[in-house]
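Q: Sequence and predicted structure are below.
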Amino acid sequence: MRFDLPQGSVRAGGEGERVVLVPTSALDELVLGVPPEAVEALGRALGSAIGRRAAARMDEKSASVEGFVAQLAGEAAITGIGALSVERWGRALVIVVEGSPLVGTLLAPLVAAAIEAATGRSVSATVLARDERAARVLVASESGVGRVRDWVASGVPWGDALTKLHGGGGA
């Protein structure tokens, strides 16, 4: 972030996109007061910006999954989203977001859009679990995410749902 106090502006990534710092309480109120489509659009806009900035610092051809996540984690930390890390469950990818001030409904579209913007590949995401410390977001194909959502909604614990997904043909 670059703060230009005389001009009253904040830019992400040096000379990058101009941003506005917003209190999370304002985001929470917004999210509670708008339709789910608007929450999805906001999450996707935030995530896309993070993904674009991360991609600008990566060599897409030689980046490992760990290097890729490190770039995303750096951008997420700079923007105040929280600390990102990755868990592998077979072929399923789970992004762990620790210490995020954002409500869960913003995290899934944010994570999906960040990955899409950084890789150019379409993905879907869903929040598997959220507590006061961390959220776990599954990143997979649309069908994989849909199956996991259905299993969790029917009472299958999320870890068992991921195991079932891996055993049933992958993410």
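A: Looks like it arrived, so ask away.

Q: Wait, a helix at Phe3?
A: No. When classified by DSSP: H, G, I helix; E, B strand; the rest coil, Phe3 is found to be strand rather than part of a helix.

Q: Name the nearest residue to it, sequence neighbours excluded.
A: With Cβ to Cβ, 6 or more residues apart in numbering as the measure, Val10 is the residue that lies nearest to Phe3, at 5.5 Å, once sequence neighbours are left out. No exception for glycine: its C-beta is placed from N, CA and C like everyone else's.

Q: And for Leu93?
A: When the adjacent residues along the chain are set aside, Leu93 lies closest to Val139, with 4.6 Å between them (Cβ to Cβ, 6+ apart).

Q: show me where the chain has strands.
A: Counting by DSSP state E, the segments of the chain that form strands are 2-4, 9-11, 18-19, 83-89, 92-98, 124-130, 134-140.

Q: neighbours around Thr24, how many?
A: Thr24 is surrounded by 13 other residues when neighbours are defined as other Cβ atoms under 10 Å.

Q: Correction: the previous question concerned Gln71.
A: Applying other Cβ under 10 Å, we find 21 residues neighbouring Gln71.

Q: swap in Gly80?
A: For Gly80, the neighbour count with other Cβ under 10 Å is 14.

Q: ok now do the residue minimising distance to the centre of the chain, which residues does it touch?
A: Against the mean C-alpha coordinate of the chain, by Cα atoms, centre = their mean, the closest residue is Val111 at 1.6 Å. Each residue near Val111 by Cβ atoms under 8 Å, 6 or more residues apart in numbering is listed here: 47, 95, 97, 125, 137, 139.
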